[in-house]
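J.: Here is a sequence with its predicted model. Questions after.
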Amino acid sequence: MTMDTASRPRVSVIMVDGDFRPSFHAVDSFCSQDLGQDAYEVLWVEHSSRVRQELSDRERIYPHFRVLCLGRSKPYHSSFCFNAGIAAARADVVFIPDGDVLVTPDFLRRALEEHAADPRLALYFYRV
């Protein structure tokens, strides 16, 4: 089955967790970008079977945000989360930031502009 490219987001943001993050401010930061909500999606991949209520609440607040729950037991292996997130991503461009970063509202737009200059370019962002 092929997906209509008009309905696909331009970028997928994938963040991972193993039921250890104390807050989810990164979700708010990434879900509040200056791109239209149909231009990007934000995926949170939880390694365990526990999804905290404050994270589930964000799925109702942000229509372009979803939680994938792997239901795996310990030990935590982020590679399972990364693989599941990439497989579920609907965009051709994927960003995988830490699940505890804050970004400016123009972060994704500016990153997409950089990527458009050379589509083969892999970008690495670091904390300032």
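T.: It's in.

J.: State the distance from the closest residue to residue 56 other than its chain neighbours to residue 118.
T.: Closest residue in space to residue 56, ignoring its immediate chain neighbours: residue 67 at 6.7 Å, by C-beta to C-beta, 6 or more residues apart in numbering. (Each C-beta comes from the backbone N, C-alpha and C, glycine too.) Distance of residue 67 to residue 118, computed by C-beta to C-beta, to the nearest Å: 33 Å.

J.: So for those two, which sits in the more crowded spot?
T.: When residue 67 and residue 118 are compared for neighbours, residue 67 comes out ahead with 17 against 9, by other C-beta atoms under 10 Å.

J.: Now whichever strand or helix holds that one: buried residues?
T.: For residue 67, the host element (DSSP states H and E) is strand 65-69. Residues 65, 67-69 are the ones in strand 65-69 that count as buried (16 or more other C-beta atoms under 10 Å).

J.: pretty sure residue 43 contacts residue 17?
T.: No - using C-beta atoms under 8 Å, residue 43 makes no contact with residue 17, being 11.3 Å away.

J.: Mutual contacts of those two, please.
T.: Shared contacts of residue 43 and residue 17 (C-beta atoms under 8 Å, 6 or more residues apart in numbering): none.

J.: Model confidence for the nearest residue to residue 65 once chain neighbours are set aside, exactly?
T.: Closest residue to residue 65 apart from its sequence neighbours, by C-beta to C-beta, 6+ apart: residue 42 at 4.6 Å. Note on residue 42: pLDDT of 98.

J.: Look up the closest residue to residue 93, ignoring the ones flanking it.
T.: residue 11 (4.6 Å).
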